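A.B. asks: Sequence first, predicted coordinates after that:
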Amino acid sequence: MHTLYIVATPIGNLEDITLRALRVLREVRLIAAEDTRTTRKLLDRYQIAAPLTSYHEHNKLSKLDVIFEALAEGDVALVSDAGTPGISDPGYELIGEAIARGVTVVPIPGPNALVAALVGSGLPTDGFVYLGFLPRKAAALRSALHAVSAERRTLIAYESPNRLVETLDAVIATLGDRPVVVARELTKLHEQFIRGNASAVRDHFRENEPRGEITLLIGGAPDQPAETWDDERVRDALRALLADGLSRRDAARLVAEQSGRERRAVYDLSLDV
Ligand code: SAM
């Protein structure tokens, strides 16, 4: 058996590819690519004419035989559309099977959106938790966020632009108004980092429709809650806002943001006021 190379490729800027990655892609017998058209563009840019076969979410098990037949004859490279294969991209099953069959697995490190986003974010880099793509359904999203609410390390998730505002709403409701960073279009022309508390970043993206590829970073839980909001304190704050003429709904939303408590629970407390 030969070697299976796990080759990281650019996440936008085609210059982000290592010399070693180019050499390996040039020398292997076969490249298994998530989307052969995307990879062909990269290979054309570097005049590499290696044979390609598709390896994606929907054929990742049925394609194993083809890939192991090629590995019996020579080396194979696995690439995804962007970044590091296996990171929210196909790869895990093939890598696991290769190890089980005694194939040497060699990673060729390179671009990866979450690491680029983390080091550019300004949030603590000494430890982090990668959450992958967050669940789409509202209840599942909130419970996924609840599950990490006590986590001290920086949280990182991949997110789609059309769910970003909703996700930030859920972050505010479940984790409180923590520092967040939206890293957008990394390595590309419109690369951008939007940093601030979750409510300010959410408001920014309410005004400016999110576009492009997005990595979301959320500051870990503070060492000690800066302030404790017990039920009485929540009621006092609600009382003041209701006296100012705010609707129950708006008052509950604001106090939920300030206190970091769930909006529904705050709304229920407002019924006592
Ligand atoms: N394997 C890739 C890696 O190593 O980063 C991740 C693949 S995952 C299917 C694609 C997601 O990664 C996008 O939806 C976005 O959340 C994030 N992403 C990819 N490229 C990005 C970029 N240039 N800027 C910000 N986020 C990016």
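C.D. replies: Structure's in. What do you need?
A.B. asks: need the contact list for Arg250.
C.D. replies: Arg isn't right for residue 250; it's Asp. Listed by C-beta atoms under 8 Å, 6 or more residues apart in numbering, the contact set of Asp250 reads Leu241. All C-beta spots, glycine's among them, are computed from the backbone N, C-alpha and C.
A.B. asks: any idea whether it is helix, strand or coil?
C.D. replies: helix (DSSP: H, G, I helix; E, B strand; the rest coil).
A.B. asks: Please read off the pLDDT at it from the model.
C.D. replies: Asp250 is assigned 89 on the pLDDT scale.
A.B. asks: swap in Ser270?
C.D. replies: Per-residue confidence at Ser270 stands at 93 (pLDDT).
A.B. asks: Would you confirm that it contacts Leu246?
C.D. replies: No. Using C-beta atoms under 8 Å, Ser270 is not in contact with Leu246, being 10.2 Å away.
A.B. asks: Double-check that Val182 belongs to a helix.
C.D. replies: No. Counting by three-state DSSP, Val182 is not found in a helix; it is strand.
A.B. asks: so what's it up against?
C.D. replies: By C-beta under 8 Å, 6+ apart, the neighbours of Val182 are 164, 192-194, 201, 205, 210, 214-217.
A.B. asks: Which element, helix or strand, includes Ser88?
C.D. replies: If you go by DSSP states H and E, Ser88 is not part of any helix or strand.
A.B. asks: OK, contacts around it?
C.D. replies: Contacts of Ser88 by C-beta under 8 Å, 6+ apart are 132-133, 158.
A.B. asks: next one: Arg195
C.D. replies: The contact partners of Arg195, taken as C-beta under 8 Å, 6+ apart, are 121-122, 179-181, 201.
A.B. asks: rewinding a little: let me know the closest of the contacts of Val182 to Ile95.
C.D. replies: Thr215 (22.9 Å; C-beta to C-beta).
A.B. asks: I'd assumed that closest one was in a helix, is it?
C.D. replies: No. If the criterion is three-state DSSP, then Thr215 is strand and not within a helix.
A.B. asks: Look up how far Ile172 lies from it.
C.D. replies: According to C-beta to C-beta, to the nearest Å, Thr215 and Ile172 sit 19 Å apart.
A.B. asks: so how many other residues sit close to the residue of the stretch 1-150 of the chain found nearest the ligand?
C.D. replies: Using C-beta to the nearest ligand atom, the single residue of the stretch 1-150 of the chain nearest to the ligand is Gly83, 2.4 Å away. Using other C-beta atoms under 10 Å, Gly83 is surrounded by 24 other residues.
A.B. asks: need the contact list for it.
C.D. replies: Applying C-beta under 8 Å, 6+ apart, we find Gly83 in contact with 8-11, 89, 111-113.
A.B. asks: And Val181, by the same measure?
C.D. replies: Val181 neighbours (C-beta under 8 Å, 6+ apart): 117, 121-123, 193-195, 201, 216-217.
A.B. asks: Distance from the chain centre to stretch 40-60, please.
C.D. replies: 24 Å (C-alpha atoms, centre = their mean, to the nearest Å).
A.B. asks: any residues touching it, and which ones?
C.D. replies: 9-10, 14, 17, 22, 25-26, 28-36, 39, 63, 66-67, 70, 77-78, 90, 93-94.
A.B. asks: Among those, name the ones in strands.
C.D. replies: When DSSP state E is applied, those are split such that 30-33, 77-78 fall in strands.
A.B. asks: Output the residues you listed as CSV; include the columns neighbour count.
C.D. replies: Output for these, formatted as CSV (neighbours: other C-beta atoms under 10 Å):
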residue, neighbour count
Leu30, 21
Ile31, 24
Ala32, 28
Ala33, 27
Ala77, 27
Leu78, 27
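A.B. asks: now Phe68, nearest residue through space, not along the chain?
C.D. replies: In space, and not counting its chain neighbours, Phe68 is closest to Arg101: 6.7 Å by C-beta to C-beta, 6 or more residues apart in numbering.
A.B. asks: and the one you found, how many residues sit next to it?
C.D. replies: 12.
A.B. asks: Local confidence estimate at it?
C.D. replies: For Arg101, the pLDDT comes out at 96.
A.B. asks: Does it touch Asp65 like I think?
C.D. replies: No. When contacts are counted by C-beta under 8 Å, Arg101 is not listed as touching Asp65 (11.6 Å).
A.B. asks: what's the spacing between Leu4 and Gly102?
C.D. replies: Taken as C-beta to C-beta, the span from Leu4 to Gly102 is 11 Å.
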